[in-house]
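Peer 1: A structural model of the following input is requested.
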Amino acid sequence: MSTQPSQTAQSDSELSPDEIEAMIKEYDSESNFRNLLGPVAILVTIASVTLSLFHLYTAGFGLLNEVMHRTVHLAFVMGLVFLVFPRKRAEPTAAIWRSSILFAAFYLFLIFDLFDQLPDSTTTYVFSAAMVGLTILTLPIKGRGKASHKIALRDWLFAALGASFSAYLAVFFKDIFIVNVGEPRPQEYMMGLIAIIMTLEATRRTMGPTLAYIGAFCVLYAMFGPYMPGILAHRGYGIDRIINHLFVGTEGIYGVAVGVVATYVFHFVLFGILAQMSGLGQLFIDLATIIAGRQSGGSAKVSVVSSGFFGMISGSPIANTVTTGAFTIPLMKKMGFSGRFAGAVEASASCGGQVTPPIMGASAFVMTEMLGVPYNEIILIAIIPAAFHYLAILVMVHLESKRLGLAGMSSDKIPQLAAVLKRSWHLLIPLGVMVALLLMQYTPFLAAFWGILLTIAFSYVPLFAHKMGNRDMDLHSVLTPRRLVIGFEDGAKFALAIGAACACVGFLLGITTLTGLGFKFSAAVVQLAYDLAAYVTALDFTGLLSEKSIALFFGLCLVAIACILMGAGIPTTPTYIILASIAAPALTEFDVPLIATHFFVFYFGVLADVTPPVALAAYAAAGLSRADPMRTGTTAFRLSMGKALVPFMFIYAPSLLFVDFSATEFVLALVSGILAIIALSAAYIGYWGRDLVLAEKILLTLAGLILISNSWIAITIGSLIVVAILTLAMMQGRAKTA
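Peer 2: Below you'll find the predicted structure:
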């Protein structure tokens, strides 16, 4: 997204726009672009704008057939990745060398294995020798290049090969998918091997090695199935079968992940960038300041509300954190919040944008595709969980403000609603139309198409207003042809990393369908959960505990841990796709509704962005607040406890997701959920009218956890404990004040 803060933000920020941009690049690998100059910059601009125009045209006038649309998209993405993204370091570290050698060994293994499968010919020898040479070039020999305008010769080669394997499918579409369907030729296997290598290299370049390791492991798992232990064992597959499965068709690289990026995600990324360039981000900050600025600890509440608004159109928690945090974090520190707490508030609130309707980042579109649920229903389902998340943050911010005795923002720093609307009313129309189209069940890409066109059109309102004598509107927000080219270029660039990542996720999806990996993981989780439940019920002398309910609890905990670990350092969308394919099936074994399982893994996957030791959003916020990154990450995780509790709530009470809806269950879960959030917030902050003692914090924590149950007895006991402690503390606090 746009990294330029508003004028208001610049005046209060401790960082310059260049420093903010550098910080986003440091913490957000998806935004780490080269600073290109000269003919190369022109070439990249032309290719990027072409890609954006291709998606804009197809969104409004009809998509190509499924395979062709995805291959055209990925040809541009893979070609641009190696030109736009630099190699990570000028001087390779030992860790980079180890990683590169491991991947090179993996590539050589695939090359020689495929060599045995191909017919003995000169072409086979030349191709294999060329692939060995390509493998050598992937090593960080003579440095890894710098983030500058210079592009190494090897990167040009990688770009050509990255674009070639998708272009090959597009050019020879008829021969591959109609004439010779089911009978791949040697050249298909050769291009498939190039596809595997270049996809892993593109993923390493944009996301780091973690996701690429997962992709490589999946390929090895498919090959060495007979040697796997216990339940993970399977028959095993040759490299020819694996390449055919991953490369030809829509089961692997060109599967649902790339399909969603090519048909949904790209358009909303482009809309978000153009909307920010037209001034929507500043409007959100102004509205948030009006809503929450006068309250106790107003600057922190402005951070929560503005990050929620901004997160609705932002696809990146880190970009959201830095862009809005440049304005809110210095204000919070000036009002009296510690740097650690200020950074944690911004990081936690920014990650909430990923679960906030109507856009919800990109994962909601993937969920729609995987579940077959209309997007307008996904929006409805997400409302209550998102509200719980922000309620938890706001309650903790409020309690911390009261504990510190902080007042609201001064009146001179709070804009007037009439003036804001007079200046920016036109920015709400494109967003409103787009949301209305989504709710009316038009396709998401058509809604984004009209949102983009209306954003461009209404950005010219200030120009006409100035001609009519209204000088209040900002002419810098007009999307002139030059700024429009920049927006289209940025839109394509911000979609590159997620495109490469989703192509790599296709490895996991393809291998899962080929080997049944998802069912094997599910069986292992279910078995372990029931084993743990058996130990617990064996100690139950009352006979009140149900083995199935205890097993469900352990199953949820195991899947939650797997989600947080899997999501560490990987963007939300690929994280969700991986977890929905591997972890979610485990919960269906406990008769949990399918949509509840997907929301469960989605929420815990998002939580990884503020979970140490890889809490990237929190580390970015710590850079702005000048606080300790690890302590900021720990605080952000605690502030995000609403997001950690909510998944358990809607598993035990699916009515919160409007699934198997029961009014009684819904009201009970809503009330107990709010009470649980208040209890845990008070316990964490240690304040409720007065400072709480350790025993009260422990009791409130236990009672808050009990309240997420669906048992009337447990909810009653937990409610009585919470109400008693909080009422007593409030009365004593008022008496002390009097």
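Peer 1: buried residues in stretch 165-180?
Peer 2: Neighbour-count burial for stretch 165-180, counted by 16 or more other CB atoms under 10 Å, picks out 165-170, 172, 176-177. For the C-beta atoms, the positions are set from N, CA and C on the backbone; glycine is no exception.
Peer 1: Quick check on residue 691: phi, psi?
Peer 2: Dihedral angles phi and psi of residue 691 (degrees, to the nearest 10) take the values phi -70, psi 130.
Peer 1: how much space between it and residue 736?
Peer 2: 10 Å (CB to CB, to the nearest Å).
Peer 1: which of these two has more neighbours?
Peer 2: residue 691 (12 against 9; other CB atoms under 10 Å).
Peer 1: got any ranges where the stretch 101-250 of the chain has weak pLDDT?
Peer 2: 142-149 (pLDDT under 70).
Peer 1: Now do the helices in it.
Peer 2: For the stretch 101-250 of the chain, the helices defined by DSSP state H, counting those that start in this stretch occupy 122-137, 153-171, 173-174, 186-207, 209-223, 239-247.
Peer 1: export those to CSV and tack on distance to residue 229?
Peer 2: As requested, the helices of the stretch 101-250 of the chain are exported to CSV (distance: least, CB to CB, whole Å):
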stretch, distance to residue 229
helix 122-137, 30
helix 153-171, 34
helix 173-174, 42
helix 186-207, 25
helix 209-223, 12
helix 239-247, 21
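Peer 1: Looking at those helices, which is nearest to residue 701?
Peer 2: Of all those, helix 209-223 sits nearest to residue 701, with 32.8 Å by CB to CB.
Peer 1: circling back to that earlier point, could you identify which of the helices of the stretch 101-250 of the chain is most buried?
Peer 2: helix 186-207 (a mean of 24; mean count of other CB atoms under 10 Å).
Peer 1: what pLDDT, on average, does stretch 64-83 get?
Peer 2: Stretch 64-83 shows a mean pLDDT of 94.
Peer 1: Give me the contacts around stretch 596-605.
Peer 2: 355, 363, 367, 370-371, 381-382, 385, 556, 559-560, 563-564, 566-567, 572, 575-576, 579-580, 583-585, 587-588, 592, 643-644, 646-647, 650-651, 654, 657, 659 (CB atoms under 8 Å, 6 or more residues apart in numbering).
Peer 1: Correct me if wrong: residue 283 contacts residue 429.
Peer 2: No. Residue 283 is not in contact with residue 429 according to CB atoms under 8 Å; the separation is 11.8 Å.
Peer 1: quick one: which of those two has more around it?
Peer 2: Shown here are residue 283 and residue 429; by other CB under 10 Å, residue 283 has more neighbours (24 against 15).
Peer 1: How is the more buried one assigned, secondary-structure-wise?
Peer 2: helix (DSSP: H, G, I helix; E, B strand; the rest coil).
Peer 1: list the contacts for it?
Peer 2: So residue 283 contacts 420, 424, 427-428 (CB under 8 Å, 6+ apart).
Peer 1: mind putting these in TSV, distance to residue 459, secondary structure and neighbour count included?
Peer 2: TSV is the format used below for the contacts of residue 283 (distance: CB to CB, whole Å; DSSP: H, G, I helix; E, B strand; the rest coil; neighbours: other CB atoms under 10 Å):
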residue	distance to residue 459	secondary structure	neighbour count
420	17	helix	18
424	11	helix	23
427	8	helix	23
428	13	helix	14
